[in-house]
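Peer 1: generate coordinates for the sequence data below:
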Amino acid sequence: MCPKKRVNKMREGVTLTEVVIGTVVLAITFAGLLATFVAVRKYVKRANKRLITTELVSGKLNDLYRYVRDDTWDTTGDLRIGTRNIGSYTIDNQVYQDGGSPNSYSSVATVGDYRRVSVTINYP
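Peer 2: Numbering: from 1, shown residues only. Reported below is the predicted structural model:
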């Protein structure tokens, strides 16, 4: 006796289940990519704010550098002990000063003849 051969006939086309599974896989992939782009955009925006703030603080500290003279610290210089208002900055049509608290810097005496300067810049 000879065994009967089974012949599998392949249907042509795609079943509905395959289409649904493929669509779900593509949707998950695109959702992940979109989430990545949104996260990167937030990161770049935050990094730009930090860069602008660093530039503003660096500019103010460079302005204060001319007052680094021991004989004028306590009399006329801007490095005398206390807090001073810097004012607002406008960069790319954005004003960098919060409504409640102004941009400022403060000078504090430390050990010896040194001063510590803290600069506060507020984001819009």
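Peer 1: quick one: the helices in the protein?
Peer 2: For the chain, the helices defined by DSSP state H occupy 16-65.
Peer 1: any stretches of it with poor pLDDT?
Peer 2: Scanning the chain for pLDDT under 70 picks out 1-11, 69-77, 91-92, 94-101, 113, 123-124.
Peer 1: please repeat the previous calculation with a cut-off of 90.
Peer 2: Residue ranges of the chain with pLDDT under 90: 1-16, 45-124.
Peer 1: pick out the residue closest to the middle of it.
Peer 2: Central residue of the chain (CA atoms, centre = their mean): Arg46, 1.5 Å from the mean position.
Peer 1: from Thr120, how far off is that one?
Peer 2: Here Arg46 is placed at a distance of 18 Å from Thr120 (CB to CB, to the nearest Å). Just so you know, the C-beta spots here come from the backbone N, C-alpha and C atoms, and that holds for glycine as well.
Peer 1: what's the answer for Ser58, then?
Peer 2: Distance from Ser58 to Thr120, by CB to CB: 14 Å.
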